[in-house]
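Asks: Here's a sequence, model it:
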Amino acid sequence: MRMTATVVDLIHQIERTYPGRVGVEDVSGRQLTVAEIRRRSNRVAHGLIAAGLKPGDGVMYLGRNHLEYVEIDFGIAKAGLTRIPLYHQLSERDLTRAVELTGARVLIADEEAAKKGRLDKLLDAFSLRVVLGSAPGWLSYADWLAEGSEDDVWVRVDAEQPYHVRMTSGSSGLPKGIVVSHRAARHAMLGNHFVLNREAFEARPRTLQQAPVTLASGWTIVPTLLSGGTNILAGKFDPERSVATMVETGATWSFMVPTMLRMITQAGSAGALRRSRISALAYGGEPAPVDAMESLLEQTDALVNVYGQTETPSWTLVLGREDHRNRELWGSAGRAIPGIEAGVLLEDGVVAFEEGATGSLVLRGGNVCSAILGDEKGYRERLLPDGWWRTGDTATLEADGIVRLVGRESEIIIRGGSNVHPSEIEAVLGKHPAVREVAVVGMPDPVWGEVPVALVSADKTDEAAREDLESWAREHLTGPKRPERIVLTAKALPRADADSKVSKVLAKAQLAELLGAARGSGAER
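Replies: Numbering: from 1, shown residues only. The predicted model follows:
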């Protein structure tokens, strides 16, 4: 007898329990009840099966947040297929890589993505192309959906069958495909459900999806529905309208990346949080800037810091609302949630758990990915004996189960034999009142081999501002941790797109260009 351990089982549970509830709506006012989602997702599933797809075949979705995303997501799962959610800003190179790695045969895209031209060279790879809206050479989603049957779909889905393939950003090389099984995805969804209900129980939550649902935000869709709640799909993120949207929609739960929180505070719209019903505002993906934290905590007590990885979805470590009252805990990743073990791997290969231990952060739980397409060797190296997963982050274990991240192992700067973690320098420089953002990378040096150099987005960029920040660095940083150079810019730091974290690859390239220009003009000291 098959164990109940798939995402499809959770979908069926939602459909049986809350058929009359509004499961999804968008900011324009369109709504679908759970019963309507059931019928429409059945149509999606039957349409995909009629197109000749077999269990395990891949279906790509490329677009922004649309109400239809939920029914498409559920329909793919019901048909026993593998969903491949793609970020709407992916480049042509990254899209080509995704097709090569996954062999996807169906593409569902929104009108914006279909008309941008990035897909033109790839369209022949798909036997079925469906667009939300209209585009030349594409099948209309509305017409395609109308042809499908509303009857329930009963395709056998195994717990170890791929649920989705999540493409990495490729910011440090070619993108890779993270394969997550139904077992792992179900574990992740139930973990998120636990976190949201523990931090801010809501009998009928209203979850505002402002971050892309094709990324981390999407892991809150099923948890919301399991609680009898409603997902509110918002389109392109607007920092000036974000909090107003929370107020207008009556949102109680939401997830954002720290970049979005920073943009809200810079836009001066955080004050409206006082008028909102938000009870859990989760954030994660990169450290939150101190100034944004201070500003937001003056307006709300709903902040919840979550740590997760594409390879171990979704929220594995959590710093809760109550913990945010303790400023000393800001910047830590929090504690492991039930079902997840956290430790650090020491140099002798032993996993340690005691307070004060520092090493490579390892996690163990039912949410670990099944494979990494395009990096099979790396997967074997990171999956350790006894089920431990090497995250690639360095961490220190503190009292009461708190895990504090030190930095990425791949970003460690080796200055004359001393290991320097950029995150430590970034945390110090980020506390300076004139600093908006900072990225520290290693740059070649003829004496030390490699030295830390800081690219800083600041209010002022003149010589006096740079000297003031260098003085701050000398006061708070010692030895190899003191940046060799500080380069100021009035612009925001480089990102692959507006919604993602700072790209260290792009920051390093920008620094090389700026420093090269300075040397050429004789401006460098």
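
Asks: rest of the way, CA atoms for contacts and neighbours
Replies: Noted.

Asks: Flag every buried residue along stretch 445-462.
Replies: Using 16 or more other Cα atoms under 10 Å as the burial criterion, the residues of stretch 445-462 that qualify are Glu450, Val451, Pro452, Val453, Ala454, Leu455, Val456, Ser457, Ala458.

Asks: from what I can see the last one touches Pro433, true?
Replies: Put plainly, it is Ala458. No. The criterion here is Cα atoms under 8 Å, and Ala458 misses it with Pro433 at 9.1 Å.

Asks: could you pull out the helices for the stretch 101-250 of the chain?
Replies: Taking DSSP state H, counting those that start in this stretch to define them, one finds helices in the stretch 101-250 of the chain at 111-115, 141-146, 182-199, 221-226, 239-249.

Asks: Deepest-packed of those, please.
Replies: Mean neighbours per residue, mean count of other Cα atoms under 10 Å, is largest over the helices of the stretch 101-250 of the chain for helix 221-226, with a mean of 25.

Asks: and that helix, how far out from the chain's middle?
Replies: Here the centre of helix 221-226 is set off from its chain's centre by 18 Å, with Cα atoms, centre = their mean, to the nearest Å.

Asks: Let's test this: mean pLDDT of that helix, rounded?
Replies: Per-residue pLDDT over helix 221-226 has a mean of 98.

Asks: now do stretch 397-406
Replies: The pLDDT scores in stretch 397-406 average 95.

Asks: can you check stretch 459-466 too?
Replies: What stretch 459-466 shows for mean pLDDT is 92.

Asks: give me every residue that touches the closest residue to Arg382 other than its chain neighbours.
Replies: Excluding its sequence neighbours, the residue lying closest to Arg382 (Cα to Cα, 6 or more residues apart in numbering) is Arg390, at 4.9 Å. Neighbouring residues of Arg390 by Cα atoms under 8 Å, 6 or more residues apart in numbering: Ser360, Leu361, Val362, Leu363, Arg382, Leu383, Leu384.

Asks: returning to that earlier point: relative to Ser227, which of the buried residues of stretch 445-462 is nearest.
Replies: Of all these, Ser457 has the smallest distance to Ser227: 41.5 Å, by Cα to Cα.

Asks: what lines up beside the strand or helix carrying that closest one in the sheet?
Replies: Here Ser457 sits within strand 449-458, counting by DSSP states H and E. Paired strands of strand 449-458, with direction, are strand 435-445 (antiparallel), strand 485-489 (parallel) (DSSP bridges).

Asks: Would you format those strands as JSON lines with distance to Leu515 and mean pLDDT included?
Replies: Output for those, formatted as JSON lines (distance: least, Cα to Cα, whole Å; pLDDT from 0 to 100):
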{"stretch": "strand 435-445", "distance to Leu515": "10", "mean pLDDT": "90"}
{"stretch": "strand 485-489", "distance to Leu515": "8", "mean pLDDT": "94"}
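
Asks: Quick check: which of these is buried the most?
Replies: Comparing the strands paired with strand 449-458 by mean count of other Cα under 10 Å gives strand 435-445 as most buried, with a mean of 21.

Asks: pLDDT below threshold where in the protein?
Replies: In the predicted model, the chain carries pLDDT under 70 at residues 1-4, 169-173, 496-500, 517-525.

Asks: Dead centre of it: give me the residue that sits there.
Replies: Nearest to the geometric centre of the chain sits Ala216, at 3.9 Å (Cα atoms, centre = their mean).

Asks: follow-up on the earlier one: could you dump the helices of the stretch 101-250 of the chain into a markdown table with distance to Pro480 added?
Replies: Shown next, in a markdown table, are these (distance: least, Cα to Cα, whole Å):
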| stretch | distance to Pro480 |
| --- | --- |
| helix 111-115 | 46 |
| helix 141-146 | 57 |
| helix 182-199 | 39 |
| helix 221-226 | 45 |
| helix 239-249 | 38 |
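
Asks: Of the contacts of Arg390, which is the nearest to Ala113?
Replies: Nearest to Ala113 among the contacts of Arg390 is Arg382, at 34.5 Å by Cα to Cα.

Asks: ok, the closest one - contacts?
Replies: Residues near Arg382 by Cα under 8 Å, 6+ apart: Trp389, Arg390, Thr391.

Asks: then stretch 89-102 to CSV, C-alphas only?
Replies: Output of stretch 89-102 as CSV, limited to C-alpha atoms (Å, rounded to 0.1, in the frame of the first residue of the first chain):
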residue,chain,number,x,y,z
GLN,A,89,13.7,37.7,-15.8
LEU,A,90,15.9,34.7,-16.9
SER,A,91,18.2,35.5,-19.8
GLU,A,92,18.2,33.7,-23.1
ARG,A,93,21.3,31.8,-22.0
ASP,A,94,19.7,30.6,-18.8
LEU,A,95,16.5,29.6,-20.6
THR,A,96,18.5,27.6,-23.1
ARG,A,97,20.3,25.9,-20.3
ALA,A,98,17.0,25.0,-18.6
VAL,A,99,15.7,23.3,-21.7
GLU,A,100,18.9,21.4,-22.2
LEU,A,101,19.0,20.1,-18.7
THR,A,102,15.3,19.2,-18.3
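
Asks: For it, give me every contacting residue.
Replies: Residues outside stretch 89-102 that contact it (Cα under 8 Å, 6+ apart) are 58, 118-119, 122, 125, 165, 167, 170, 174-177, 373-374, 497.

Asks: Please identify which of those residues is nearest to Arg204.
Replies: Distance ranking of these against Arg204, using Cα to Cα, places Val165 first at 30.4 Å.

Asks: I'd say the closest one and Val180 touch.
Replies: Yes. Counting by Cα under 8 Å, Val180 is a contact partner of Val165 at 6.3 Å.

Asks: tell me how far the ends of stretch 71-91 are from each other?
Replies: End-to-end distance of stretch 71-91 (Cα to Cα, to the nearest Å): 26 Å.

Asks: now do stretch 206-216
Replies: End-to-end span of stretch 206-216 (Cα to Cα): 17 Å.

Asks: go on, stretch 490-501?
Replies: End-to-end distance for stretch 490-501, by Cα to Cα: 18 Å.

Asks: Stretch 383-397 now?
Replies: The separation between the terminal residues of stretch 383-397, taken as Cα to Cα, is 21 Å.

Asks: quick one: which of the contacts of stretch 89-102 has the most company?
Replies: Ranked by the number of neighbours (other Cα atoms under 10 Å), these place Val165 first, at 29 neighbours.

Asks: how about the nearest residue to it, chain neighbours excluded?
Replies: Nearest-residue entry for Val165: Val179, 4.5 Å, with adjacent residues in sequence omitted and distances by Cα to Cα, 6+ apart.

Asks: so what's that neighbour up against?
Replies: Val179 sits next to Pro162, Tyr163, His164, Val165, Arg166, Glu311, Cys369, Ser370, Ala371, Ile372, Leu373 when contact means Cα under 8 Å, 6+ apart.

Asks: Go again with 6 Å.
Replies: Val179 is in contact with Val165, Cys369, Ser370, Ala371, Ile372, counting by Cα atoms under 6 Å, 6 or more residues apart in numbering.

Asks: One more: Val130?
Replies: Ile108, Trp138, Leu139, Ser140, Tyr141.

Asks: can you list the domain ranges for the chain.
Replies: Under automatic domain parsing, the residue ranges defining each domain of the chain are 7-341+369-375, 412-521.
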